[in-house]
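[1] with the sequence up front, the predicted model follows.
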Amino acid sequence: MEPVESNTVGEMTPQEVAQASVSTPVSTPPARPERRKKPRIREIPPEPVPSPHLDDYKDIVGAAYIDEIRFLAEALKGKTVKMVNSTAVGGGVAEMLNQMVPLLNEVEVKTHWDVITGGNDFFEVTKAFHNALQGSDYHLTQQARDIFLMHNHLNSQRIQFNEDFIVIHDPQPPALVQSRDESRRWVWRCHIDLSNPNREVWEFLAPFIERYDAAIFSSQSFTRQLAIPQYLFYPCIDPLSEKNKELEAGSIQKVCDEFGIDRSRPIVTQVSRFDRAKDPVGVIQAFKQARKYVDCQLVLAGGGATDDPEGAAVLKEVRDATDDDPDIIILDLPPWCALEINALQRASTLIVQKSIREGFGLTVTEALWKAKPTIAGAVGGIPNQIIHKLTGMLVHSVDGCAYQMRYLLTHPDFAQQLGHNGREHVKENFLMTTNVRRWLLLFRILLSSQPK
Ligand code: UDP
């Protein structure tokens with residue numbers, strides 16, 4: 001089936017607006033469950049599951065791909081790697097390291113992961129740097145510089161850097177490079193969007209970054225002009241993790257039952273922290289427009305609102321925007337609900353990620369991996385994942401999002417094709433195995449060149 005034609009990516013053309021306005025709205029409200037069950041949310045974390053082995057990925061990426069990884073690792077056997085970041089739990093970077101470190105060790109690239117320490121003053125400064133590097137207003141004071149340098153220095157005294165490769169993640173610890181020994185290769189892995197950084201903070205950090213052998217970014221659009229080689233590594237998801245593994249139909253149904261979701265009607269879902277950048281209120285507005293024409297329910301599943309004052313305020317705005325509509329289900333989930341998120345994504349008819357600012361957008365990767373037709377804001381790394389009308393639909397507005405919801409819910413064959421293409425795109429580019437292969441290649445390239 002041909003996709004809709006539009007002259008503005010993801011938005012309605014005048015013909016589409018006309019077509020939309022002559023379609024008959026749903027005249028009587030669809031039958032709804034009398035009273036939805038209050039969601040029952042798991043209160044304690046589940047037992048941790050063991051890490052997968054490389055061979056476990058054969059069924060997904062093929063035996064030849066795994067052989068290729070082992071072949072690349074041959075020349076690196078016995079080499080040592082140290083990864084350093086700023087947190088052991090929470091956040092996408094820690095999740096990725098948790099999955100990648102055991103796989104590198106399995107191919108005998110001995111990889112160790114260290115976490116920097118610091119007081120509240122340090123993490124306040126680095127949080128401000130993190131936001132400023134992604135475009136927030138900020139004035140860099142001498143005190144902030146001193147706190148940053150002191151804690152980087154204290155960490156460089158505490159952590160040994162005797163490995164062949166040192167990989168420093170993100171803008172909290174880059175000044176550790178001051179203690180570099182010239183025989184080791186140092187890489188800076190930047191996970192954030194540096195396309196429009198606060199100038200003061202960037203000019204303060206750039207001289208440290210240029211002491212590395214290479215810098216890695218998550219998207220072409222996130223990079224800076226630097227005097228060192230830069231590489232593109234997309235973030236990745238683990239297809240065998242609790243969040244992404246295949247689930248039996250019964251487990252999906254159980255989660256929907258616990259959350260009071262009616263599986264006999266279409267389900268539109270957005271999974272995201274309650275953050276204005278994810279535009280949850282815009283999703284509700286789009287849903288309300290689309291639901292005038294197509295029967296559906298909306299699930300907004302998020303978390304982090306309880307320990308983040310801004311998150312709590314956004315969650316309140318979201319609840320207010322629902323106007324007690326029983327077809328809008330808001331789930332405030334604790335961080336250990338990976339399996340529940342997996343089930344919700346798999347139960348969905350459509351997935352939305354209507355962000356107005358975004359990093360890479362791993363929720364989009366997760367949705368595409370589950371072969372779900374996905375509608376997402378054309379920001380951050382999302383256009384790397386969603387090729388408009390091929391692997392999903394990109395939108396720029398509430399109206400565009402409403403239109404695409406309506407279109408995909410009424411064109412299931414086209415929606416299914418998008419989902420299928422999306423999964424293939426993730427398989428090629430955004431899986432953990434792709435990432436391991438890229439690291440091995442980079443280590444080999446760095447070994448074959450002189451250290452700085
Ligand atoms: N996520 C989660 N629980 C929630 C909301 C989000 O586990 O309540 C997960 C989501 O599945 C994804 C990650 O958190 O794996 C969010 O990553 P993304 O890059 O989409 O956005 P970020 O929150 O990092 O801005």
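    Perfect, I can see it now.

[2] and the spatially most central residue of the chain, backbone torsions?
    Per CA atoms, centre = their mean, the C-alpha nearest to the average position across the chain is that of Leu362, at 2.0 Å. The phi/psi pair for Leu362 (degrees, to the nearest 10) reads phi -70, psi -20.

[3] and the pLDDT for the closest residue to Asp193 other than its chain neighbours?
    Of all residues not flanking Asp193 in the chain, Phe222 sits nearest, at 4.6 Å (CB to CB, 6 or more residues apart in numbering). To be clear about C-beta, it is placed using only N, CA and C from the backbone, and glycine gets the same treatment. Per-residue pLDDT puts Phe222 at 91.

[4] with Pro29 instead?
    50.

[5] please apply the same query to the one 3 residues further on.
    pLDDT, the model's per-residue confidence, is 55 for Arg32.

[6] next one: Asn7
    Confidence at Asn7, expressed as pLDDT, is 38.

[7] again, but for Val89
    You'll see Val89 listed with a pLDDT of 78.

[8] count of neighbours near it?
    9 (other CB atoms under 10 Å).

[9] find the closest residue to the ligand in the stretch 201-350 of the chain.
    The nearest approach of the stretch 201-350 of the chain to the ligand comes at Gly303, 2.9 Å away (CB to the nearest ligand atom).

[10] for that residue, give me its contacts.
    Arg273, Phe274, Asp332, Leu333, Pro334, Pro335, Cys337 (CB atoms under 8 Å, 6 or more residues apart in numbering).

[11] scan those residues and report the most crowded one.
    In those, the most neighbours by other CB under 10 Å go to Phe274, 24 neighbours.

[12] show me what from the stretch 151-300 of the chain comes close to the ligand.
    Contacts of the stretch 151-300 of the chain with the ligand, taken as CB under 6 Å from any ligand atom, map to Lys243, Val271, Ser272, Arg273.

[13] same deal with the stretch 1-150 of the chain?
    So the stretch 1-150 of the chain meets the ligand at Gly92 (CB under 6 Å from any ligand atom).

[14] for the ligand, what is the nearest residue in the stretch 1-150 of the chain?
    Nearest to the ligand in the stretch 1-150 of the chain, going by CB to the nearest ligand atom, is Gly92, at a distance of 5.1 Å.

[15] let me see the contact set for the closest residue to that residue other than its chain neighbours.
    Residue nearest to Gly92 in three dimensions, not counting chain neighbours: Leu362, with 5.7 Å by CB to CB, 6+ apart. Contacts were defined as CB under 8 Å, 6+ apart; by that measure Leu362 touches Gly92, Pro235, Ile237.

[16] what's the burial count for the first one?
    Yep, that's Gly92 we're talking about. Residues near Gly92, counting by other CB under 10 Å: 15.

[17] can you put the contacts of Leu362 in JSON lines and add pLDDT?
    Formatted as JSON lines, the contacts of Leu362 follow (pLDDT from 0 to 100):
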{"residue": "Gly92", "pLDDT": "79"}
{"residue": "Pro235", "pLDDT": "94"}
{"residue": "Ile237", "pLDDT": "96"}
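
[18] kindly reformat those residues as CSV containing secondary structure and distance to Asp295.
    Shown next, in CSV, are those (DSSP: H, G, I helix; E, B strand; the rest coil; distance: CB to CB, whole Å):
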residue, secondary structure, distance to Asp295
Gly92, helix, 35
Pro235, coil, 35
Ile237, strand, 31
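
[19] distance to Ser397 added to the residues you listed, as TSV?
    Converted to TSV, the contacts of Leu362 look like this (distance: CB to CB, whole Å):
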residue	distance to Ser397
Gly92	27
Pro235	26
Ile237	28
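
[20] give me the mean pLDDT for stretch 279-296.
    Throughout stretch 279-296, pLDDT has a mean value of 98.

[21] I would like the residues contacting it, please.
    Identification of contacts with stretch 279-296 by CB under 8 Å, 6+ apart yields 20, 23-26, 30, 265-268, 270, 272, 274, 298, 300, 302, 314, 317-318, 321-322, 325, 327-328, 349, 352, 354-356, 377, 398-399, 401-403, 405-406, 409-410.

[22] which one of the contacts of Gly303 sits closest to His388?
    Within the contacts of Gly303, the smallest distance to His388 is 25.2 Å, found for Arg273 (CB to CB).

[23] check which residues of stretch 422-432 are buried.
    Gly422, Arg423, His425, Val426, Lys427, Phe430, Leu431, Met432 (16 or more other CB atoms under 10 Å).

[24] this completes my enquiry, with thanks.
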